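>>> based on what follows, work out the 3D shape:
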Amino acid sequence: MPGDYNLSMRVDSTLKAQAEEVLSNVGLTMTGAFTMFLKQIVREKSVPLSLSLDSSNAVYADLLEAQIDRLNGYQGRSGRDVLAEMDRVISEVENGR
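Reported below is the predicted structural model:
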């Protein structure tokens, strides 16, 4: 197709096979997954990866923060509020904002 570009890269064969198996289980090809990755980079204007050396500490920090919020009286948001926020975000994405 005009405008398409072939991309070639070196990847460990074991890693490639493992990734292809996971992708196959969710109905994706390597090309499809990589295209989704690139589109997400463009859409979010950032690399959608966590480059933390110790992500488990981040999870515990988030849980601790949530527990402190609850102790301070925060009761969360209603399902209706969450759905309204999701609708707003989807609308922004669809309208290119």
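>>> low-scoring stretches of the chain, by residue?
Using pLDDT under 70 as the threshold, the predicted model of the chain has low-confidence ranges 1-2, 50-55, 97.
>>> again, 50 this time
Applying pLDDT under 50 to the chain flags no residue at all.
>>> ok, the most centrally placed residue in the chain - contacts?
The residue lying closest to the centre of the chain (C-alpha atoms, centre = their mean) is Pro48, at 5.9 Å. Pro48 makes contact with 37, 40-41, according to C-beta atoms under 8 Å, 6 or more residues apart in numbering. The C-beta positions use only the backbone N, C-alpha and C, and glycine is treated the same way.
>>> got a markdown table for those, with distance to Ser78 and neighbour count too?
Compiled in a markdown table, the contacts of Pro48 are given as follows (distance: C-beta to C-beta, whole Å; neighbours: other C-beta atoms under 10 Å):
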| residue | distance to Ser78 | neighbour count |
| --- | --- | --- |
| Phe37 | 34 | 12 |
| Gln40 | 29 | 12 |
| Ile41 | 33 | 13 |
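>>> closest to Tyr74 out of those?
Each of the contacts of Pro48 was checked against Tyr74 using C-beta to C-beta; the closest is Gln40, at 30.6 Å.
>>> which of the three states applies to the closest residue to the closest one other than its chain neighbours?
If you skip the residues right next to it in sequence, Gln40 has Pro48 as its closest partner in space, 4.9 Å away by C-beta to C-beta, 6 or more residues apart in numbering. On the three-state scheme (DSSP: H, G, I helix; E, B strand; the rest coil), Pro48 is labelled coil.
>>> how far away is Pro48 from Asp69?
If you measure Pro48 against Asp69 using C-beta to C-beta, to the nearest Å, the figure is 26 Å.
>>> just Val42 next, same as before
34 Å.
>>> how is the protein partitioned into domains?
Taking automatic domain parsing as the domain assignment, the ranges for the chain are 1-49, 50-97.
>>> from the chain's centroid, how far away is the first one?
Taking C-alpha atoms, centre = their mean, to the nearest Å, the mean C-alpha location of domain 1-49 is offset from the chain mean by 13 Å.
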